[in-house]
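[1] heads up, no residue letters with this:
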Ligand SMILES: Cc1cc2nc3c(=O)[nH]c(=O)nc-3n(C[C@H](O)[C@H](O)[C@H](O)COP(=O)(O)OP(=O)(O)OC[C@H]3O[C@@H](n4cnc5c(N)ncnc54)[C@H](O)[C@@H]3O)c2cc1C
Ligand code: SF4
């Protein structure tokens, strides 16, 4: 294996595309409407489905009357629990790659209602409008059972989950004597935080189009972050041979975690297509986007004890989160608190409370976006009590090694994030006292927070085919949910083989491609990118071998390490006049194509002995109207340490998008549940608020240099999630600095600030 | 979608004639009606498309006011130069609402008749007296952050969501209507109703009534007026509280005053006593606060919206302060 040059920017070749702000290779398709999404595929006999959602939160269906709906000309069939075919019986058949411990939800399984908006019937008709109308004529009677949807009312009714989901680690055992150390600390903060439930609400609603071909095979266009995950699921549930189904998702209109598990519209469309032997589309309505998966509501307590010089003596972080009755959805909420700062006395505690809701679902930086802000606000409160600068307090307790495990970090340039972020923001000009900065009637607040996220890697395979024309096609069954996977993978392949970007095509979103895991956790560059690099390295070796064998080859006898690949050529590193084009090598050797497949694994040994994480420092300016309490984020600087940045343009977009969401988390997003009905009431874009353009200021993103030879062969960590983590806390801290009002209840709507301004 | 018939009216009389049959609805911009039909909240059997009737002009009136055609688009109204210079608070109010795309479609008449944004009204699986009389009010005891603090009943606590209407109330506009029984003029204060025990009825219009125009009186408070909208995000959100304020100043003394609140009741909220409390008094925050307290004297909050009472008071003081300071007719 060739060592990676420890220069940020390039991987194999100094002038390669890695590290360059390459435009999205799929950009043109997207802006011209040439990128097709799950609900846009069709066949002439396509039938349309509309799901009927439960009107109650818990109980059972006592009667379903479909007569009026079926009487409409053009209504083809109505599926309910009463007439569904018998399907897979065992829980494991319904499991998917992101399923937590428990019994997965099975649509139309029986008469039981487990949560509001549960799908209870599927109407299939010749047109969408008809299906929707008929769905309203389906008459359902229920026997209502009492439900619990209120986490605050059930916060004591908890249990401690185990390692109940892939990627989840229960909190480490307590260290030291945190309770006593807290009591003994001269400076204390002991506060409670609440975080509202949030829904993913990608722009594209979940949809599945199943195309039923004449030979009985099915092409399933699904909105998913894992075509193979859905492929396995539908084959298991419907008892189909793998070869009979192909799941495709070449374009996904945002997902943020909502597509990590097969969602019920996939089941519904498959049910109808297999039963009716027709092509079928099922698309959820916006309100139905509130019928599955969400960032769970959370209640947290953070207690910090410190010496007067700011040294942390005690750290206690407890969280209670909602899950469903059928599954233990877990995410890492509190563990980060033991990792971010050095402290000898730490207790971290994480519990679940079961409610009558659908199972929550990973949402951008799951756990970290909830837990780290609680810690980071508490740190700000501590800084205030100590009369210490918040950055200085964080540096004072900076963890050089991971305090949870004692292991070193593979790399950690958080200090540089603080320094460069603060410089860019102008932090030094901050006057520490709350309400000390203003302009007219606007109180100005400057706040900051740190962020952290895991730098994970899974296993993936990739295939490469190099044609005699010098064009390269690389493929892997990963997804691009708008993140830039197409572009970044293209860059990696082009870099390794010294090809112009235009000569490389990357294929994804197809279950028939080489194995790749679900796209989540910011691990796709690391996981799939490593496989792309591995497979292109093989092609590279092949080319060197072939070139050496050619008659009169200028590369005869040259070792692979001494060949560099650039501009479609193989070039002898120390004598650049000795070169051959890739096409000449192919033609000269009579090779029509080179095909390789490779699999990349994480560096397991290094992984066992190190902690791998991305870090951030976020600086925010808010403006708060001193009379009205209205809050405006005026400026954000986000400094990120995430290893090598493969594409600063797409990476920047990821961070900016995450900051926008952080603004939403901090100030706007909240699902309002009517606990009498057990139902989210603001289930549309008009009343479930996400930031609009007018809410979003200039977002300044900077990537600090970070070298990491251990994280993977690319030295890159992934940036999909780190961008959101510190933002809500930085906003809350800025609001406190502006107003002196401390709000610990997200989102911070103006009424909560107003209450303190009185 | 339920089946309905569609016909295009070729004159106002034709529209009124067609609307006689029950189950008929006019459609103008369609930005509210079509949404409600898709959500199965309303289900007209007949749609009469009035959008091409020649009621889209904005014209000077003999009394020195301005006549806004019922079918003039919200955007065209807001950017009309006469509206901008003579009735800046109206222009500002319109531009504070919805989004550019919606304002391009939405008509003035449709804006008056838009329905509440109460969550329960939109969700047919929940009780709502406005949608289904007698089914109960989901918002009382439920999720009611965006609901009324004034003029509500034990049947309904919904608010009228319009921004435009708040300014029209403050300006004492007059709604021109033609209906089966001929033409009539409805003063703005009488146009919208309070919910009482008939929350399903929003206005005093009778079946078949067509709004043809909205008349603005000559007095536009152009020199000292404003529209202040407070909402949960900077754009594309309905008002938690909004204030239309117009003053006539004599040095530092208030000679005439208009004050209307949005986002707090089933109709734009005005009270002549609150305005009287300002007239002849110095334009000071204390005076403004006093007037606010008169306007809000019967305010009553629910579980999630009590903050609106204090917010409204502060917003009134701010709006009146801005109006008093303002000179000339600023462009929005
Ligand atoms: C997401 C969203 C956000 C919005 N935000 C705001 C906001 O912040 N502030 C705000 O003020 N508004 C807001 N609106 C509402 C918008 O202003 C209204 O939907 C619009 O004004 C309605 O006008 P229209 O012409 O489209 O009416 P239509 O939808 O065509 O009709 C609405 C009703 O009026 C009746 N009608 C229409 N014209 C006449 C007439 N001439 N005579 C008799 N009856 C008539 C129709 O029969 C129907 O019942 C928002 C709307 C949406 C969808
Ligand atoms: S407030 Fe009015 S509109 Fe809302 S649920 Fe109650 S009756 Fe219906």
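    Great, that's in hand. This is a predicted model, so every value here is computed, not measured. Ligands and ions are numbered 1, 2, ... in the order given.

[2] Show me which residues of chain A are close to ligand 1?
    Counting by Cβ under 6 Å from any ligand atom, the residues of chain A close to ligand 1 are residue A:686. For the C-beta atoms, the positions are set from N, CA and C on the backbone; glycine is no exception.

[3] Residue A:573 touches residue A:563, doesn't it?
    Yes. Using Cβ atoms under 8 Å, residue A:573 is in contact with residue A:563, at 6.7 Å.

[4] of those two, who's got more company?
    Legend: neighbour count by other Cβ atoms under 10 Å in any protein chain shown for residue A:573 and residue A:563, higher for residue A:563 (23 against 12).

[5] residue contacts, the more buried one?
    A:544, A:547, A:555, A:570, A:571, A:572, A:573 (Cβ atoms under 8 Å, 6 or more residues apart in numbering or on different chains).

[6] Could you export those residues as a markdown table, including pLDDT and secondary structure?
    Listed next are the contacts of residue A:563 as a markdown table, based on pLDDT from 0 to 100; DSSP: H, G, I helix; E, B strand; the rest coil:
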| residue | pLDDT | secondary structure |
| --- | --- | --- |
| A:544 | 97 | helix |
| A:547 | 97 | helix |
| A:555 | 96 | coil |
| A:570 | 97 | strand |
| A:571 | 96 | strand |
| A:572 | 96 | strand |
| A:573 | 92 | coil |
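
[7] Out of the residues you listed, which is nearest to residue A:433?
    Taking Cβ to Cβ as the measure, residue A:433 lies nearest residue A:573 of the contacts of residue A:563, at 60.3 Å.

[8] Can you pull the phi/psi pair for that closest one?
    Main-chain dihedrals, residue A:573, degrees, to the nearest 10: phi -60, psi -50.

[9] show me what contacts it?
    By Cβ under 8 Å, 6+ apart, residue A:573 lies in contact with A:562, A:563, A:564.

[10] Then residue B:50?
    B:9, B:15, B:26, B:27, B:28, B:71, B:210.

[11] what about the residue of chain A found nearest ligand 2, distance to residue A:43?
    Closest residue of chain A to ligand 2, Cβ to the nearest ligand atom: residue A:681 (9.8 Å). Noted for residue A:681: a distance of 38 Å to residue A:43, by Cβ to Cβ, to the nearest Å.

[12] what does residue A:692 give?
    Distance from residue A:692 to residue A:43, by Cβ to Cβ: 38 Å.

[13] before we move on, what about residue A:574?
    59 Å.

[14] Which one of these two is surrounded by more residues?
    residue A:43 (16 against 9).

[15] How many neighbouring residues does the spatially closest residue to residue B:75 that is not a sequence neighbour have?
    Counting by Cβ to Cβ, 6 or more residues apart in numbering or on different chains, residue B:103 is the residue found nearest to residue B:75 once chain neighbours are left out, at 4.2 Å. Residue B:103 has 22 neighbouring residues, counting by other Cβ under 10 Å.

[16] Please apply the same query to residue A:260.
    Count around residue A:260 with other Cβ under 10 Å applied: 28.

[17] Kindly report the same for residue A:531.
    30.

[18] Specify the local secondary structure of it.
    helix (DSSP: H, G, I helix; E, B strand; the rest coil).

[19] how far away is it from residue A:462?
    Look at residue A:531 and residue A:462: by Cβ to Cβ, they are 4 Å apart.

[20] where do the contact lists of those two overlap?
    Joint contacts of residue A:531 and residue A:462 (Cβ under 8 Å, 6+ apart) are A:476, A:514, A:516, A:598, A:600.

[21] Can you tell me which of these has the most neighbours?
    Ranking those using other Cβ under 10 Å puts residue A:476 first, with 29 neighbours.

[22] residue boundaries of the helices in the stretch 151-300 of chain B?
    B:164-171, B:188-191, B:272-276, B:285-295 (DSSP state H, counting those that start in this stretch).

[23] typo on my end, it should be the stretch 101-250 of chain A
    Using DSSP H, counting those that start in this stretch, helices in the stretch 101-250 of chain A cover A:128-137, A:178-184, A:227-238.

[24] Can you add distance to residue B:135 and give those back as a markdown table?
    Formatted as a markdown table, those follow (distance: least, Cβ to Cβ, whole Å):
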| stretch | distance to residue B:135 |
| --- | --- |
| helix A:128-137 | 16 |
| helix A:178-184 | 53 |
| helix A:227-238 | 39 |
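
[25] Nearest to residue B:158, out of those helices?
    helix A:128-137 (23.1 Å).

[26] hmm, back to that, please list which of the contacts of residue B:50 also come close to chain A.
    Among these, not one lies near chain A by Cβ under 8 Å from any Cβ of the partner chain.
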